[in-house]
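S.K.: fold the following and give me the result.
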Amino acid sequence: KVSEILSASKEYYIMLTLSTIVAVIGILKNDIAIIISSMIIAPLLSPNIALSFSMSIADMELAKRSIKNLFFGIGLVMLLSILFGNVLPVSLDNPQIASRMNLGATDIIIALCAGIVGALSTVSGISSVVVGVMIAIALLPPLAVFGLLIGAGYVGESFSALILFLINMIAINLSAVVIFSSYGISPYRWWKKEEAKRYTLYAILLWVILFIIIFVLI
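M.R.: Sure thing, here's the model as predicted:
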């Protein structure tokens, strides 16, 4: 259940810390296999999917917990990455860093696909392991690159990686809330169904507007 996988336990932050460390090592060594290892953990999957799910069932308590866990998770990844970037050699010529500084339409497509698969896994019961790989591809590496560049003093160059992360997060949430809506996910109580439709519409509008703003900025 979404509420169960969202619990902000110490294991959640341990997994997040370990996945960030592995991702940083993979990025700095330009080792795709190591980066994929960090992706499998996919600790940022739960809060994003839960946030979209909370709109569909008009559960504001779940929404608050989702946002809280998402912000704490993002903050932890950034903090660790900045610390590593401050003490480890970071080069803009590193292919894993350079690839996440160049934004393209394919990155948006990947993020949308990740959101769709993440939402489908929730409504169909597909194993979250495969889904986790796709979500992590879109979220963890660019966020880690952003922190590494900040820590290494490449502040100006770091914003491309941050924008990529934001694009991916917005695309994931947008596609997820649309999937939940199309599958008819709604509250059990009839008097909350209209409220859920309203929240879903607001969420879609918000993500679309943010998508457009970031696209214009690019």
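S.K.: where do the helices sit along this structure?
M.R.: For the chain, applying DSSP state H gives helices covering 2-5, 10-29, 32-41, 45-56, 60-87, 95-98, 105-124, 128-152, 155-182, 193-217.
S.K.: pick the most deeply packed of these.
M.R.: Highest mean neighbour count of these: helix 45-56, a mean of 26 (counted as mean count of other Cβ atoms under 10 Å). C-betas here are computed from N, CA, C, even on glycine.
S.K.: now the angle between helix 193-217 and that one, please.
M.R.: On the basis of axes from the mean of the first three to the mean of the last three Cα atoms, to 10 degrees, helix 45-56 is oriented at 130 degrees to helix 193-217.
S.K.: tabulate the helices of the chain (TSV), appending mean pLDDT.
M.R.: Shown next, in TSV, are those (pLDDT from 0 to 100):
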stretch	mean pLDDT
helix 2-5	51
helix 10-29	89
helix 32-41	78
helix 45-56	84
helix 60-87	92
helix 95-98	91
helix 105-124	74
helix 128-152	78
helix 155-182	87
helix 193-217	86
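S.K.: so who does residue 148 touch?
M.R.: 24, 27-28, 81-82, 84-85, 88, 90, 97 (Cβ atoms under 8 Å, 6 or more residues apart in numbering).
S.K.: separation between the residue lying closest to it once chain neighbours are set aside and residue 99?
M.R.: Counting by Cβ to Cβ, 6 or more residues apart in numbering, residue 85 is the residue found nearest to residue 148 once chain neighbours are left out, at 3.8 Å. Residue 85 is 17 Å from residue 99, where distance means Cβ to Cβ, to the nearest Å.
S.K.: next: residue 82.
M.R.: Counting by Cβ to Cβ, the separation of residue 82 from residue 99 is 20 Å.
S.K.: swap in residue 203?
M.R.: For residue 203 relative to residue 99 (Cβ to Cβ), the value is 30 Å.
S.K.: now residue 160
M.R.: From residue 160 over to residue 99 (counting by Cβ to Cβ), the distance is 11 Å.
S.K.: can I assume the residue nearest to residue 148 is in contact with residue 146?
M.R.: No: applying Cβ atoms under 8 Å as the test, residue 85 and residue 146 come out as separate, 9.4 Å apart.
S.K.: can you tell me which residues contact residue 26?
M.R.: Applying Cβ under 8 Å, 6+ apart, one finds that residue 26 lies in contact with 32-38, 96.
S.K.: any idea how far it is from residue 33?
M.R.: Residue 26 is 8 Å from residue 33, by Cβ to Cβ.
S.K.: thanks a lot, see you next time.
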